[in-house]
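Asks: give me a 3D structure for the following:
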Amino acid sequence: MRELAGKTAFITGGAAGIGVALGRAFAGAGMKVMLADIETDALNAAVKNLQDISPDVSGTVCDVADAESVERAAKAAFDAFGKVHVVCNNAGVAAGGGIDHISLDNWRWVIDVNLMGVLHGIRSFLPHIRAHGEGGHFVNTASMAGMQPGLGLSPYCASKFAVVSMSEGLAMQLQPLGIGVSVLCPSYVRTRIGESGRNRPARYGQSQPLDPASPAAATVAAIARNIDAGLAPETVAARVLDAIRHDELYIFTHPGMRAEVEPRFAAILAAMDRVSPP
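Replies: Alright, predicted model coming up:
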């Protein structure tokens, strides 16, 4: 989709971080924008802020883990702007993992938001985009954690690996229909994902504090420092805009990421070589 002006974008997790940066980039490109988020006050503030760029910005409350909530948000977008062309399944959360504390509530919450939230977005918008026939593009937010298992046994890694696979398969099926797919795989970005628990629904139970002396606590502290020093969300959004225009499947944002994935790829190829015929 090289021409974005006049088209409409729908963005989950749109009230902050990468989501609101995407909204700002799309509005600056002349698009109509619907921000969707579970956090009402932040959503209202983000919409007001982006309306300084364009009057064609609106917002709708949405819990991406709830398929019916996503359906309602999609209808709000259709009612406000008619056709939707770009769908950014961007909402995401993080919760503790590792081998010392395997919490089923954490796993269910992260999988429901990070993976099922993407599926709900595809399910709600794909029939609409196919029907209007003007082309479109899905941007599914994964992570470098979906390319290399550096976080160990983690619901976050598991969900992001799944989003990468889902996006690859979706791209093959939609390419003949003139609908693009990108999977966004950033490394550390200055967002509030470390504070995901602020929006954790009661149905997933309370997050249990980590033992400050545990390896998991040390990992979380290191991640927080890396996020604070991470890339600006606006830089990521500019990269996404360019990738949509050039129909790129993989969106990488940080220099040096090749070195992070090469050991995994090398181990896979070596294992295959061991079963190759002589």
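Asks: what stretches of the stretch 51-200 of the chain score poorly on pLDDT?
Replies: The stretch 51-200 of the chain contains no residues with pLDDT under 70.
Asks: how about the helices in it?
Replies: Assigned by DSSP state H, counting those that start in this stretch, the stretch 51-200 of the chain shows helices spanning 67-81, 104-110, 117-132, 155-174.
Asks: with mean neighbour count and distance to C88 added, can I get these in CSV?
Replies: C-beta coordinates here come from the backbone N, C-alpha and C atoms, glycine included. Output for the helices of the stretch 51-200 of the chain, formatted as CSV (neighbours: other Cβ atoms under 10 Å; distance: least, Cβ to Cβ, whole Å):
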stretch, mean neighbour count, distance to C88
helix 67-81, 18, 12
helix 104-110, 19, 19
helix 117-132, 20, 8
helix 155-174, 19, 12
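Asks: quick one, which of those helices gets closest to V261.
Replies: helix 155-174 (11.2 Å; Cβ to Cβ).
Asks: what angle separates that closest one from helix 117-132?
Replies: 20 degrees (axes from the mean of the first three to the mean of the last three Cα atoms, to 10 degrees).
Asks: quick one: contacts of helix 155-174?
Replies: With Cβ atoms under 8 Å, 6 or more residues apart in numbering as the test, helix 155-174 has contacts from 94-95, 97, 106-107, 109-111, 113-115, 118-119, 122, 138, 140-143, 145-147, 149-151, 180-183, 185, 249.
Asks: how close does A16 sit to K83?
Replies: Per Cβ to Cβ, to the nearest Å, A16 is found 26 Å from K83.
Asks: what's the answer for I53, then?
Replies: The gap separating I53 from K83 is 21 Å, by Cβ to Cβ.
Asks: of the helices of the stretch 51-200 of the chain, which is nearest A21?
Replies: Closest among the helices of the stretch 51-200 of the chain, using Cβ to Cβ: helix 117-132, at 18.2 Å.
Asks: so what does the closest one touch, helix or strand wise?
Replies: For helix 117-132, the helices and strands in contact under the criterion 3 or more Cβ pairs under 8 Å, 6 or more residues apart in numbering; DSSP states H and E are strand 8-12, helix 67-81, strand 86-89, strand 136-141, helix 155-174, strand 179-185.
Asks: please repeat the previous calculation with a cut-off of 7 Å.
Replies: strand 8-12, helix 67-81, strand 86-89, strand 136-141, helix 155-174 (3 or more Cβ pairs under 7 Å, 6 or more residues apart in numbering; DSSP states H and E).
Asks: TSV for the ones you listed, including distance to P233?
Replies: Formatted as TSV, these follow (distance: least, Cβ to Cβ, whole Å):
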stretch	distance to P233
strand 8-12	12
helix 67-81	21
strand 86-89	13
strand 136-141	11
helix 155-174	18
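Asks: closest one to R203 among those?
Replies: For the helices and strands packed on helix 117-132, proximity to R203 was assessed by Cβ to Cβ; helix 67-81 is nearest, at 13.0 Å.
Asks: elements contacting the closest one?
Replies: On a contact count with 3+ Cβ pairs under 7 Å, 6+ apart, helix 67-81 meets strand 8-12, strand 32-37, strand 57-61, helix 117-132.
Asks: and F10, how close does it get to F78?
Replies: Using Cβ to Cβ, we find F10 at a distance of 10 Å from F78.
Asks: list residues touching both of those two?
Replies: V84 (Cβ atoms under 7 Å, 6 or more residues apart in numbering).
Asks: pull the number of nearby residues for the nearest residue to R198 once chain neighbours are set aside.
Replies: Leaving out its chain neighbours, the residue that sits closest to R198 by Cβ to Cβ, 6 or more residues apart in numbering is E39, at 7.6 Å. Neighbourhood size, E39 [other Cβ atoms under 10 Å]: 17.
Asks: surely E39 meets N199?
Replies: Yes - E39 lies in contact with N199 (Cβ atoms under 7 Å); the separation is 5.6 Å.
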